[in-house]
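> Have a look at this prediction, sequence included:
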Amino acid sequence: MALFSRQLATMLEAGISIIDAIGDLASQTQNKYFSYVLSDIAGEIREGASFSTALSKHPKVFSQLYVALVLSGEESGNLVEVLKDLSSELEDQLTLLRKVRQAVSYPVVILIFFVAVVAFVFLYLVPKFQEIFESFGAQLPLFTKIILQISRFSLKFFPFLLLGIILFAIFFQFYRKTPDGRKKIDTIKLRLPVFGDLFLKVSLSRFSRSLATLLQGGVSIIAALDIVARTTGNAILEEYIRRVKGGVTKGELLGNEMKKYRIFPVMMVRMVTVGEETGRTDDMLNRISKFFRDEVDVTLNVLSSILEPVLIIGLGVIVGTVVLAIYLPIFKLAATIR
């Protein structure tokens with residue numbers, strides 16, 4: 001999407017007709033479904049539809065924000081600049097997504113290795129030593145008995161635990177798609193220690209950038225708020241944005257309405273208020289978005305630097321505990337033989 005927007009803007013700026021430009025991009029893209037969508041859009045335009053109307057027939061590919069901006073670009077005769085703004089926004093979202101993936105990839109690998117080692121120890125290694133200890137018929141230390149009991153429990157209930165996890169994952173996927181489920185899950189996400197603040201900053205960054213892009217594209221503040229409410233990625237923030245929109249519709253200033261709700265940070269409200277007073281609301285919103293992106297970067301770096309050693313230490317504690325439980329009876333048997 002980002003690449004398509006950037007290339008289309010360049011081709012239109014060079015004087016190529018929109019039908020030829022979209023047709024050429026459809027033949028060049030490696031994604032077959034996207035190629036089909038672009039070919040269909042070119043056909044719609046060829047039959048007399050506007051670019052924005054053709055885009056709106058593919059809501060799963062082109063968001064309301066994308067369509068609204070293209071429509072404003074068509075009406076103002078500034079489609080090239082709008083496409084450049086869209087590509088920049090999509091590129092920023094992609095950059096943020098890559099940073100999140102990069103920050104969590106190493107801890108996730110360690111976590112998977114952690115779970116695999118624990119499963120191997122309690123489901124395979126400990127039961128093998130249990131057979132050896134039982135063959136000697138020796139009295140085992142209490143610590144070793146506890147570890148062996150945990151191993152027996154894990155081995156006995158592992159299939160049910162695995163089935164439960166699978167069923168919960170399926171239920172969770174269906175539940176999160178319901179309005180009530182999405183709202184409750186997003187509420188829990190925002191209340192999580194540390195991570196809740198991170199999720200909110202990501203959503204506020206997306207909200208600020210999208211609203212700025214729409215305002216720069218000539219979309220009215222009320223229509224822009226209605227569109228960005230659906231792009232935040234959080235049902236709770238979406239609800240508050242709609243409340244703000246209700247106040248703005250009645251003639252209130254955006255900053256004054258945001259000030260009523262604690263979900264919007266004081267710094268953000270002040271910058272929006274200053275932007276309204278100076279006539280530079282879109283510029284302030286872009287600055288707010290950048291500030292939150294930087295905050296997300298810092299938080300991710302801190303979390304990854306803390307999480308990695310915690311997982312490694314946890315793995316060491318579990319492995320050390322099992323080793324101790326195994327060696328205690330061996331030392332006891334050695335002392336008995338002497």
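Happy to help now that I have it.

> Who are the contact partners of residue 321?
residue 147 (Cβ atoms under 8 Å, 6 or more residues apart in numbering). (C-beta placed from N, C-alpha, C; glycine too.)

> Which strand or helix spans it?
Here residue 321, judged by DSSP states H and E, is contained in helix 281-337.

> Next one: residue 102 from residue 301, what distance?
10 Å (Cβ to Cβ, to the nearest Å).

> now swap in residue 193 and tell me
Counting by Cβ to Cβ, the gap from residue 193 to residue 301 is 18 Å.

> Show me where the stretch 101-250 of the chain has its helices.
For the stretch 101-250 of the chain, applying DSSP state H, counting those that start in this stretch gives helices covering 126-136, 142-176, 179-191, 195-216, 221-228, 235-249.

> Which of these has the lowest mean pLDDT?
In terms of mean pLDDT, the lowest-scoring of the helices of the stretch 101-250 of the chain is helix 126-136 (a mean of 69).

> Tell me the secondary structure at residue 61.
Here residue 61 is recorded as coil under DSSP: H, G, I helix; E, B strand; the rest coil.

> And residue 193 and residue 301? Which one has more around it.
The neighbour comparison of residue 193 against residue 301 (other Cβ atoms under 10 Å) goes to residue 301, with 12 against 6.

> wait, what's in contact with the nearest residue to residue 63 once chain neighbours are set aside?
Distances taken as Cβ to Cβ, 6 or more residues apart in numbering place residue 231 nearest to residue 63, at 6.5 Å, with adjacent residues excluded. If a contact means Cβ under 8 Å, 6+ apart, then residue 231 has 63, 64, 65, 206, 207, 210 as its contacts.

> Which single one of the residues you listed is nearest to residue 293?
Checking the contacts of residue 231 against residue 293 with Cβ to Cβ, the nearest one is residue 206 at 9.6 Å.

> And that closest one, how far from residue 231?
6 Å.

> and if you look at residue 131?
Counting by Cβ to Cβ, the gap from residue 131 to residue 231 is 59 Å.

> thinking again about what came up before, who wins for most neighbours among the contacts of residue 231?
residue 207 (27 neighbours).

> Just put the contacts of residue 231 in JSON lines and tack on distance to residue 241.
Formatted as JSON lines, the contacts of residue 231 follow (distance: Cβ to Cβ, whole Å):
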{"residue": "63", "distance to residue 241": "15"}
{"residue": "64", "distance to residue 241": "14"}
{"residue": "65", "distance to residue 241": "13"}
{"residue": "206", "distance to residue 241": "11"}
{"residue": "207", "distance to residue 241": "7"}
{"residue": "210", "distance to residue 241": "11"}
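
> In terms of distance to residue 327, which of the residues you listed ranks first?
residue 206 (53.6 Å).

> Wait, that closest one touches residue 93, no?
Yes: applying Cβ atoms under 8 Å, one finds residue 206 in contact with residue 93, separated by 7.0 Å.

> OK, contacts around residue 110?
Here residue 110 is in contact with 308, 311, 312, 315 (criterion: Cβ under 8 Å, 6+ apart).
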